[in-house]
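Visitor: Pasting the sequence and the predicted coordinates here, then a few questions.
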Amino acid sequence: MRLPDGVEPAAVLQAAAERKLALISGDDFVLDGGSGAVRIAFSGVTPDEIREGVTRLAAALAAI
């Protein structure tokens, strides 16, 4: 997910971790062009778990 301008991935990762949501920095996932992005895994989880993850991500973004 591309983050809005001015939002630091490290801040999002911290806020997400506080909500028990594991994200990966875009810089750690792609070789080129990952800055300003985070990745949330969605394979291997149920639709309800995906919805919960999106809810937690929204709360993390709102907190920063």
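Guide: Okay, I see it. Fair warning: this is a prediction, and the values are worked out from it, not measured in the lab. Numbering: from 1, shown residues only.

Visitor: Check Pro9 and give its pLDDT.
Guide: Pro9 carries a pLDDT value of 90.

Visitor: from here on, count from 56
Guide: Got it, first residue is 56 now, which makes that one Pro64.

Visitor: Now do the contacts for it.
Guide: Shown in contact with Pro64 (Cβ atoms under 8 Å, 6 or more residues apart in numbering): 58, 80-82, 90-93. Just so you know, the C-beta spots here come from the backbone N, C-alpha and C atoms, and that holds for glycine as well.

Visitor: pLDDT weak spots in this structure?
Guide: 88-89 (pLDDT under 70).

Visitor: what about the helices in it?
Guide: 64-73, 81-84, 102-118 (DSSP state H).

Visitor: Most tightly packed of those?
Guide: helix 64-73 (a mean of 16; mean count of other Cβ atoms under 10 Å).

Visitor: Just put the contacts of Pro64 in a markdown table and tack on distance to Ala70.
Guide: Below are the contacts of Pro64 laid out as a markdown table (distance: Cβ to Cβ, whole Å):
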| residue | distance to Ala70 |
| --- | --- |
| Leu58 | 12 |
| Ser80 | 13 |
| Gly81 | 16 |
| Asp82 | 17 |
| Ser90 | 18 |
| Gly91 | 16 |
| Ala92 | 15 |
| Val93 | 11 |
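
Visitor: Farthest-apart pair in these, please.
Guide: Greatest spatial distance in these: Leu58 and Asp82, 11.8 Å, computed using Cβ to Cβ.

Visitor: OK, contacts around the nearest residue to Ala118 once chain neighbours are set aside?
Guide: Spatial nearest neighbour of Ala118, chain neighbours left out: Ala70 (4.9 Å); criterion: Cβ to Cβ, 6 or more residues apart in numbering. Going by Cβ under 8 Å, 6+ apart, Ala70 touches 114-116, 118-119.

Visitor: now with 10 Å?
Guide: 76, 78, 111-112, 114-119 (Cβ atoms under 10 Å, 6 or more residues apart in numbering).

Visitor: same deal with Asp83?
Guide: So Asp83 contacts 64, 68, 89, 93-94 (Cβ under 10 Å, 6+ apart).
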